[in-house]
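Asks: Structure of the sequence below:
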Amino acid sequence: MPFSQGLLFKITPPGKPVSYLFGTIHSDDERVLSLPHEVEQAFLGASTLYVEIDMGAANLMTAMTAMFIDDGRELPQILGPSLYQQAVEAVSVLGLPEVAVRYYKPWALAMMLSMPVAKSGQFMDLVLYQRAVQLNKKVAGLETAKEQLDLFDTLSEIDQITFLRETLNNLDKLPTIFQALLENYLKRDLKALMALNDQLSQAGDQELGKLFQSRIVDERNLRMVDRLHEPFAEGGLFVAVGALHLPGEKGMLRLLEQRGYKIVRLY
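Replies: Numbering: from 1, shown residues only. Just a heads-up that it's a prediction; the model follows:
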């Protein structure tokens with residue numbers, strides 16, 4: 001598999017200055033948040049930080065608003081009593097009361113439950129974003145909030161319910177999966193991360209799993225590479241995206257290589 005190992009890569013377009021591409025993970029584990037020397041140096045030396053989405057207040061508000069049902073119905077009407085009660089019990093550990101749960105879209109609850117529980121409220125992309133702002137670096141997003149949210153918002157209601165049901169049915173397995181993802185990330189083993197992702201996709205509704213792989217990974221890889229073409233020509237970029245976007249035949253690194261970019265693993 002192309003680019004099966006590593007997290008930090010030096011990207012050199014033909015005849016252009018150097019930039020860096022770094023794979024992240026949604027975790028507040030101290031071992032993740034403490035950047036290795038090579039990553040820290042590349043970040044400090046860059047003039048511009050690109051993340052998947054600009055984490056400014058306006059985008060965060062857009063993201064929050066999009067998570068709520070806006071057609072006059074409430075979630076119990078969409079899920080039915082049994083699945084709704086299961087959802088209420090599951091998200092109660094996140095501190096979300098029942099009175100709030102009834103207004104969330106099914107995909108929004110599924111996403112909340114699919115993330116590791118954050119103890120500090122910090123995660124790598126946010127920490128990098130905040131540091132870049134403090135250091136007066138230019139900060140930009142590769143996608144708009146609407147583009148990211150539409151990945152889920154445009155799912156059919158049936159697919160949204162399936163996504164939530166499968167998440168609820170696999171809650172007991174998620175801590176083990178999160179731990180395996182974290183351990184392999186710390187080993188910089190992108191091949192193992194992809195294998196775990198494939199297992200998750202194949203464990204439930206396989207058609208929905210294929211749809212997620214296409215929409216959430218493959219199509220976005222192409223879009224982000226397209227949007228980096230001009231910025232990479234200027235150089236001085238530190239690009240931070242989820243590590244699963246890096247490896248494989250349809251990964252960002254392979255797409256860049258096919259366009260003539262020189263790729264060198266640094267960490």
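
Asks: Tell me the spacing between residue 28 and residue 52.
Replies: The gap separating residue 28 from residue 52 is 17 Å, by Cβ to Cβ, to the nearest Å. Any C-beta I mention is one placed from the backbone N, CA and C, and that applies to glycine too.

Asks: do the same with residue 2
Replies: From residue 2 over to residue 52 (counting by Cβ to Cβ), the distance is 21 Å.

Asks: Could you do residue 82 as well?
Replies: Taken as Cβ to Cβ, the span from residue 82 to residue 52 is 36 Å.

Asks: Please say which of these two ends up with more neighbours.
Replies: Each of residue 82 and residue 52 has its neighbours counted (other Cβ atoms under 10 Å); residue 52 has more, 19 against 8.

Asks: in a strand, that's where that one is, yeah?
Replies: Yes. Under DSSP: H, G, I helix; E, B strand; the rest coil, residue 52 sits within a strand.

Asks: Kindly check the end-to-end length of stretch 118-137 for me.
Replies: 27 Å (Cα to Cα, to the nearest Å).

Asks: Now residue 241: which helix or strand?
Replies: Following DSSP states H and E, one finds residue 241 within strand 237-242.

Asks: Enumerate the positions of the helix or strand following that strand that are buried.
Replies: Moving toward the C-terminus from strand 237-242, the next helix or strand (DSSP H and E) is helix 252-258. Applying a neighbour-count criterion of 16 or more other Cβ atoms under 10 Å, the buried positions in helix 252-258 are 252, 253, 254, 255, 256.

Asks: ok, residues contacting helix 252-258?
Replies: Applying Cβ atoms under 8 Å, 6 or more residues apart in numbering, the external contacts of helix 252-258 come out as 2-3, 9, 11, 21, 221-222, 224-225, 241, 245-248, 263.

Asks: Out of those, which is nearest to residue 168?
Replies: residue 245 (27.0 Å; Cβ to Cβ).

Asks: Can you get me a residue count around that closest one?
Replies: Residue 245: 25 neighbours (other Cβ under 10 Å).

Asks: how about the closest residue in space to residue 44 that isn't next to it in sequence, phi and psi?
Replies: Spatially, and ignoring its direct neighbours in sequence, residue 44 is nearest to residue 135 (7.8 Å; Cβ to Cβ, 6 or more residues apart in numbering). Main-chain torsions, residue 135, degrees, to the nearest 10: phi -90, psi 10.

Asks: swap in residue 131?
Replies: phi -70, psi -40.

Asks: Next, count neighbours for it.
Replies: Counted with other Cβ under 10 Å, residue 131 comes out at 15.

Asks: Tell me the pLDDT of the residue nearest to it when sequence neighbours are not counted.
Replies: Distance criterion Cβ to Cβ, 6+ apart; nearest residue to residue 131, sequence neighbours excluded, is residue 43 at 7.7 Å. pLDDT recorded at residue 43 is 98.

Asks: and the least confident of the contacts of helix 252-258?
Replies: residue 2 (90).

Asks: And for that one, nearest residue in space, chain neighbours not counted?
Replies: Per Cβ to Cβ, 6+ apart, closest to residue 2 is residue 254, 4.7 Å.

Asks: got it, and residue 107?
Replies: residue 152 (4.0 Å).

Asks: Contacts for the one helix or strand that neighbour maps to, please.
Replies: Residue 152 is part of helix 145-153 when elements are defined by DSSP H and E. Helix 145-153 is contacted by residues 52-53, 59, 62-63, 66, 105, 107-108, 111, 160, 163, 215-216, 220, 223 when judged by Cβ under 8 Å, 6+ apart.
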